[in-house]
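A.B. asks: No letters, just coordinates:
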């Protein structure tokens, strides 16, 4: 038997499932009427002893049963999932129809209809109806076992997209626990065609209707070459089905070697709807190729992605400088596997230790330095760790930048943050002070005989970084909620980790000394909207997984800024990259007093740290504690 053809036939019939179910049930009820006569009167008399109006009684009873079935939603039941619940519904329907039918026959004084037939017919009908459903389920599970190798069907998919990607996807996942029922595409010429023996059912916006008709368990978005806007529209339509949504890799991910016939969960970057970053590959290659590149904080979220991006350009040597032994081991293992031809130097070190930095930089002689080492968790740094944040973020930048200049580095790039603009928290104020350190060193470079170009790059939150809201939301959704958001109006700028790292590398390639680059983060995103999107893409509704509001945390703002009010920006030839022109009053602030004060101390109370930062960073307005 050709099981694929049978599956295709059932797929075509399924949109008319309720009508076919009623038709089959009518036949079973009529057959059971005859079987009941046979059981009551025997083979010799079961036909001849009936009254002449018996066929009208049978027809009336069949119609009565069907009306009761429709009233109790029996035809909406899916036979391939028939179980005890379906038998319960059938029992109630047969009991009601049998009782009403018997009363009607008796009231009509149709005395020649045997009373035993009226009593037994509901029981025999129940047995026949249940047997038909169980037989169908057995056939269906056997068919699934012959097609996919497993009789347990856990993932029944509707695919958005009917192009080459869908064809390869069908071939790759059909025998791995997936059953692709149908394809959707907005190209009307494809409607009714078959791709990989799977029908193209209709446009993308018909997904909710087909998902309901075919008992779909997952929606797969297979549009790797679609624009971000088109992809976001498809995701919104898929989410309207209230089913789990997965996707094939994007075009950018495919170019990095990910297999097409693999599905993954929807990530927040899929929801941003942004065009990919266009880089000056030649200029970056000239800056990094054949150079010794050192990255501090190499095992962190941004630092590790910088390592991956830099490695693509073939540096002479990549120096990984990291305080966490495990983080260093993890990124070293990944780079050794993906870029085995690039020499790696793995160093455990602390940017607060200037002597160690000076010795290391003097030995390694890096030509390009990306300074990503930082403490960035706002509430954690705000209380009880303010001095640690000041030493690591500000003094660590001072140490690393001086060590780079002393070793003759060509470029030093500080990774800064949007929280450095009009900061209300210690973390943002220490990063703004770090920018001022870079500005001061850039101004001193000529007099000191340094050839190093010092620059900084500001950007907002990166999706999926350690400590960000995204991993937290995913864990809460997996536990069944609730999802906690600090405030219903809180907004943030978001960028993907690879996108941010590419722009940092680009800024390092084109930057001049003293410049602060600002990354265009697009439009700010409401955190609560992001939480709702993640809930919907997981196949749930906000009613199933509620969102609760916990209140702003210490030092947290409702919104972040990429530029202060007094700042202006200058464009570069890259649309996502602009240069901040800082107000002269800020450039004139002498941060050296703060550095000297920190160097003479080992521990300081949080309140005193905030007071000192406010003296040096005039736009810092500490949040009330």
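C.D. replies: Okay, I see it. In this text the structure is predicted, and so the values were computed from the model without any measurement. Numbers count the residues shown, from 1 in each chain.
A.B. asks: And the lowest mean pLDDT element among the helices and strands of this protein?
C.D. replies: Across the helices and strands of the chain, mean pLDDT, DSSP states H and E gives its lowest value to helix 584-587, namely a mean of 47.
A.B. asks: Just confirm residue 379 is within a helix.
C.D. replies: Yes: assignment of residue 379 by DSSP: H, G, I helix; E, B strand; the rest coil places it within a helix.
A.B. asks: start the count at 7, not 1, going forward
C.D. replies: Taking 7 as the first residue, the last one we looked at is residue 385.
A.B. asks: what's the distance between the residue lying closest to it once chain neighbours are set aside and residue 245?
C.D. replies: The shortest distance from residue 385 to any non-neighbouring residue, by C-beta to C-beta, 6 or more residues apart in numbering, is to residue 559 (4.3 Å). C-beta: built from backbone N, CA, C; applies to glycine. Per C-beta to C-beta, to the nearest Å, residue 559 is found 29 Å from residue 245.
A.B. asks: okay, now the residue nearest to residue 385: neighbour count?
C.D. replies: 15 (other C-beta atoms under 10 Å).
A.B. asks: before we move on, what SS does it have?
C.D. replies: Of the three states, residue 559 takes coil under three-state DSSP.
A.B. asks: Nearest residue to residue 124 in space, ignoring adjacent ones along the chain?
C.D. replies: residue 108 (4.3 Å).
A.B. asks: What backbone torsions are found at the one you found?
C.D. replies: The phi and psi values for residue 108, taken as degrees, to the nearest 10, are phi -60, psi -40.
A.B. asks: That one and residue 123 touch, don't they?
C.D. replies: No: using C-beta atoms under 8 Å, residue 108 is not in contact with residue 123; the gap is 9.5 Å.
A.B. asks: now the residue nearest to residue 385: how far from residue 394?
C.D. replies: Taking C-beta to C-beta, one finds residue 559 at 18 Å from residue 394.
A.B. asks: Equivalent analysis for residue 109, please.
C.D. replies: 84 Å.
A.B. asks: swap in residue 489?
C.D. replies: Distance, residue 489 to residue 394, using C-beta to C-beta: 30 Å.
A.B. asks: do the same with residue 623
C.D. replies: 18 Å.
A.B. asks: just residue 627 next, same as before
C.D. replies: 22 Å.
A.B. asks: And this structure, what are its domain boundaries?
C.D. replies: Structural domains of the chain, as assigned by automatic domain parsing, span the residue ranges 9-154, 161-272, 297-468+501-528+568-622.
A.B. asks: Can I get these in a markdown table including mean neighbour count and distance to residue 548?
C.D. replies: Formatted as a markdown table, the domains of the chain follow (neighbours: other C-beta atoms under 10 Å; distance: least, C-beta to C-beta, whole Å):
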| stretch | mean neighbour count | distance to residue 548 |
| --- | --- | --- |
| domain 9-154 | 16 | 26 |
| domain 161-272 | 19 | 11 |
| domain 297-468+501-528+568-622 | 20 | 23 |
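A.B. asks: Can you check which of the ones you listed gets nearest to residue 541?
C.D. replies: domain 161-272 (9.3 Å; C-beta to C-beta).
A.B. asks: Endpoints of the closest one, how far apart?
C.D. replies: End-to-end distance for domain 161-272, by C-alpha to C-alpha, to the nearest Å: 16 Å.
A.B. asks: Equivalent analysis for stretch 477-493, please.
C.D. replies: One end of stretch 477-493 sits 18 Å from the other (C-alpha to C-alpha).
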